[in-house]
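1. only geometry, no sequence info:
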């Protein structure tokens, strides 16, 4: 750790430093982030880009009182380092350490736990309006601060990739509600997870290309010279600023048409100028946007060259090579299997088009994009529009495949409802990162998709358990004349040769697959998706204790196979297992079917995520916490056998040990 | 019906008319709409505004091949009238007639069944891209049309109120994907359901105020003179058009910064000019926006004066007075009770702020807005931002109350998840129009909210059954330190003096209320929200047959009262009733709790909406169709008593009639 950084334990320590010292500190922090993330993995390129910006903010504002709102938030490392959390970077994104995203539970310097894009401006508007109301209403001013209290200043950070999001735009359109200071920092690094697309991105890049370093310096000078202070007319000052700025393109046009005072663009690495700018802008009595250029991956050559690769990374060497275990490099993920097979199917069927929203890499579509450039659409961080565009494709007779992470597909709930489900259009949804996501934590878990999609009529929900099934599910989905959802986790496909036979049956609408059956069994474990692995391992554990169970691969959460429910008639109990919330999930669908079928369900137990948020951790640990791993399944089977009413046949049970079962070897599930 | 209109049975008949005849036809259609809607009720003001626009479109385009996409869609009456559906206006919004929104099931001229805002541009992009792909891929060109087939032209209508929606903006930002004709008609009537708010609205109104009738004529002339045709450079032509337009403000600025060719504004009632403009614009080989001014309520003085009142109306007299039955006028709706009580509570608590998204009237907030102008925020059709702004308010220590219809709150799913549930912020959601909505039909039903909200940790879900409970629920919600959802239907509050005592108990988190208990009962009817009325009527019907039942008012869907499940221990069966989808609803939550409690549920039956879309109809008929009315409840109780296993105590049952029970008098539930 650098000498200056060693002495920085809170933002107050920053305020004591000179500009040259801050520059040195920035370099030290950059090295600290590099060294840290190279060991723990995490978001890298974006964090290297905002070191000076973050330091300048903390130098000028006091974020114990003032409010700093992050958008997406994975670029908050410098902020965390200087707000007393640098010692916890050793365990970044691990349960004993800190989250990779802002988190109010960690620090008073964090306002919202975020991870999704486009939210900072709207929440900042709410806080700004709230502070105004509090200041005006005598009954609401906290007594301890009394009338001397200065109204907190509010700063919203937003990236060029997320300002194009619909929520950002809705907020910008409502910025006029705010009649007080509110600074929006547009952090323009001309780079989203993948290349940013769309009209605004093109526009920004045109502006960017037209600027020289000297232009940026001049803009800064110009803003500072003409800056309006309280009492002066903002409009007047802005007019003067604009006149003074020589620019190839009017960068302010977009924002001015929305009546938002715009300043910039300025150099986001010039810490001295940034401090002066923030000092001036902090005094405005109107909202304003400051457009700042930063360089993603700045200071680390490999990230500078490949920011997408170093957007979110595992451990790496300082030459940029990944640190991988030999076994991992040869393993295939659900994502890659899906992406590869989709590309193969597209070769044979011209109707297949792929749509994603800034997740081309993440959803395994790089090869598809290469091969079928005119059938691949990345709409940027715009999940709502992505689904509507897909609906348009389907309406014109094509076969759109929407590839979006489960957590981000939440942004498309209403579009899936109205433009897809209500029309009954054959859109295929490939929901990546469905289930626990490991170290990204609660903002990124995909634990709600079964629930929010199975409520909608017409939707078919399926989940493959392994590699073969991933391919079969995709083939099935593309053959349907209605919307089909395929969910799969951020994980490797399991290597289970022994169940190949059971899983290689083509998918048939609403049909489950019996993977293991025993005449002696009193309990059937019914799993949905990749947790079949856990179900089978539970069966092995139970077999060691002489307990036989059936194992059924549910395959469909909508419609659920009636055969699953008919197990109840055979006197068997059911345990459902899913990598999803227990509420409204697969198990819940089984319960509903049982209730509707007038069966008298003897016992159905649901294993799924509890109704609380599960923190960042390894997937294996998250499974343990949620109680959906093999050990927990086996334990639950034993409990059920114990509490079952006496009329149940328990002759098949040799030994029932309700005491702790032998822990099976934990696997590394993280990828 | 006018003479010309009598002869118009399809768009082909329009094409034969001269411009003067079209003007006459426009007046006839206006009279037809007026006369029709005055009898049936429906959307009026917006439909009177787009008569000429719609006729001109159908004159120029051929929407059997070309695609016309509506946004929101309630302004499609002229379109329906001239596409062979005029005879069905007698039964507009009734089961035997047509829907008040576009519906592909009715006509090949309708592409999407819509009702929510902001979707037309995105779906149009999908269709435009799809048609381009189909034209390029030999394997995809339909054989019958062969190579002579002209690529369909695509027109997206969008209003000034819905172009500010996030989904619209995401689509505009991606319009550059389209390299072919796509015409966006910006129908600017400067009026949303309530006054349109926000930066763009202000911008549009500035532009509008600066225009004279002569300006509009000149703009039209200018566009036509310089119109680029295929082969000519669009950019060059647009430059020339801009130079030729004398305007006080650059109306095109906003769209030009997004690189979208912009034309206008032009007069949307000058049918001759519109036809020429469409003919020219149809030949463009690029997307373009035509900005058209129309007058909401045009031709009907009362609607012209009060477009908000005549946005969506019941039957009315030609002087604008409503036709109301004496009984209806004295009845209070859930909406008005909620709005009034919120205003009263806000009087005592300065922390309460109300937020809505273009539904001030609809959610009963008019009085609140009047009394507390600085604590009321209408963000326009921007549900996503509305929730994030509310989260900001809550974070700053205030008590935000978000009032949005259930169906539109679907737009905020992810914001409720991340900015509210994950942060556990005390935002109160007042979900109006939860449940069946009657004549607006499937795009507007609020049948998913219990499901999509109870999946999220921290959310408390409650539903009042009547007037007293509506007030109590609101008081409860405002006293909680976590997010609380209150759902209530588009309906009158029931008059049930006899249950006042049971319902006047204050709300306690997760506690239900026993409304009717009988020692002899074998079945408990557990209702959620206003369907308590149906449950009580079912109990009366059953009592006539000598069958005693318990009636429990569930009050909370999250957390569900464990006492409900403990009824199972007492050997009772449970029927849950809710005005919501059966999937993932209140009953489903009861099932989950029963499964988790290791109770051995003898029988739980769920009554709720089936997993299919329920068409426009009266609420009473929709209840019947969904099987959640008193008759169906009583019938189900009898079925359960019959099929129950013999160990159940059926001594309490005097006569079990599984044959049709006497139908109770149907009520008029529509408001």
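-> Ah, there it is. All figures in this text were calculated on a predicted structure; none of them were measured in a lab.
2. where along the stretch 101-250 of chain A do the helices fall?
-> For the stretch 101-250 of chain A, the helices defined by DSSP state H, counting those that start in this stretch cover A:120-136, A:166-173, A:199-209, A:213-226, A:234-244.
3. I meant the stretch 401-550 of chain A, not that one.
-> Using DSSP H, counting those that start in this stretch, helices in the stretch 401-550 of chain A cover A:406-409, A:413-415, A:449-454, A:467-478, A:500-503, A:532-544.
4. among those, which gets the worst mean confidence?
-> Comparing mean pLDDT across the helices of the stretch 401-550 of chain A, the weakest is helix A:500-503, with a mean of 71.
5. Mind checking what helix or strand follows the lowest-mean-pLDDT helix or strand in chain A in sequence?
-> When each helix and strand of chain A is scored by mean pLDDT, DSSP states H and E, helix A:326-329 comes last, with a mean of 58. Per DSSP states H and E, the first helix or strand lying C-terminal to helix A:326-329 is helix A:334-348.
6. So the helix or strand following that next one, near chain B or not?
-> Counting by DSSP H and E, the next helix or strand C-terminal to helix A:334-348 is strand A:352-356. Yes: legend: contact between strand A:352-356 and chain B by CB under 8 Å from any CB of the partner chain is shown at residue A:353. Every C-beta, even on glycine, is put in place using the N, C-alpha and C of the backbone.
7. pLDDT weak spots in the stretch 401-550 of chain A?
-> A:496-501 (pLDDT under 70).
8. right, I mislabeled it, should have said chain A
-> Applying pLDDT under 70 to chain A flags residues A:142-149, A:190-196, A:228-252, A:324-329, A:496-501, A:598-602, A:643-671.
9. Just give me the longest strand of it.
-> strand A:573-581 (DSSP state E).
10. what angle separates that one from helix A:532-544?
-> Interaxial angle, strand A:573-581 versus helix A:532-544 (axes from the mean of the first three to the mean of the last three CA atoms, to 10 degrees): 140 degrees.
11. rewinding a little: tell me which of the helices of the stretch 401-550 of chain A lies nearest to residue B:187.
-> Distance to residue B:187, taken as CB to CB, is lowest for helix A:413-415 among those, at 21.6 Å.
12. Mind listing what's buried along the helix or strand following the longest strand of chain A?
-> Moving toward the C-terminus from strand A:573-581, the next helix or strand (DSSP H and E) is helix A:586-596. Residues A:586-595 are the ones in helix A:586-596 that count as buried (16 or more other CB atoms under 10 Å in any protein chain shown).
13. One more: stretch A:531-540?
-> Neighbour-count burial for stretch A:531-540, counted by 16+ other CB under 10 Å, picks out A:531-539.
14. Let's have the helices of the stretch 401-550 of chain A in JSON lines, adding distance to chain B.
-> Formatted as JSON lines, those follow (distance: least, CB to the nearest CB, whole Å):
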{"stretch": "helix A:406-409", "distance to chain B": "8"}
{"stretch": "helix A:413-415", "distance to chain B": "4"}
{"stretch": "helix A:449-454", "distance to chain B": "4"}
{"stretch": "helix A:467-478", "distance to chain B": "15"}
{"stretch": "helix A:500-503", "distance to chain B": "27"}
{"stretch": "helix A:532-544", "distance to chain B": "18"}
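15. for the residue in the stretch 251-400 of chain A that chain B sits nearest to, helix, strand, or coil?
-> Here the residue of the stretch 251-400 of chain A nearest chain B is residue A:392; by CB to the nearest CB that distance is 1.9 Å. Counting by DSSP: H, G, I helix; E, B strand; the rest coil, the backbone at residue A:392 sits in helix.
16. Thought residue B:253 was touching residue A:257, still the case?
-> Yes: in terms of CB atoms under 8 Å, residue A:257 counts as a neighbour of residue B:253; the distance is 4.5 Å.
17. Among these two, which residue is more densely surrounded?
-> residue A:257 (21 against 17; other CB atoms under 10 Å in any protein chain shown).
18. Centre-most residue in chain A?
-> Residue closest to the average C-alpha location in chain A (CA atoms, centre = their mean): residue A:444, at 3.6 Å.
19. gap between that one and residue A:562?
-> To residue A:562, residue A:444 is 35 Å away according to CB to CB, to the nearest Å.
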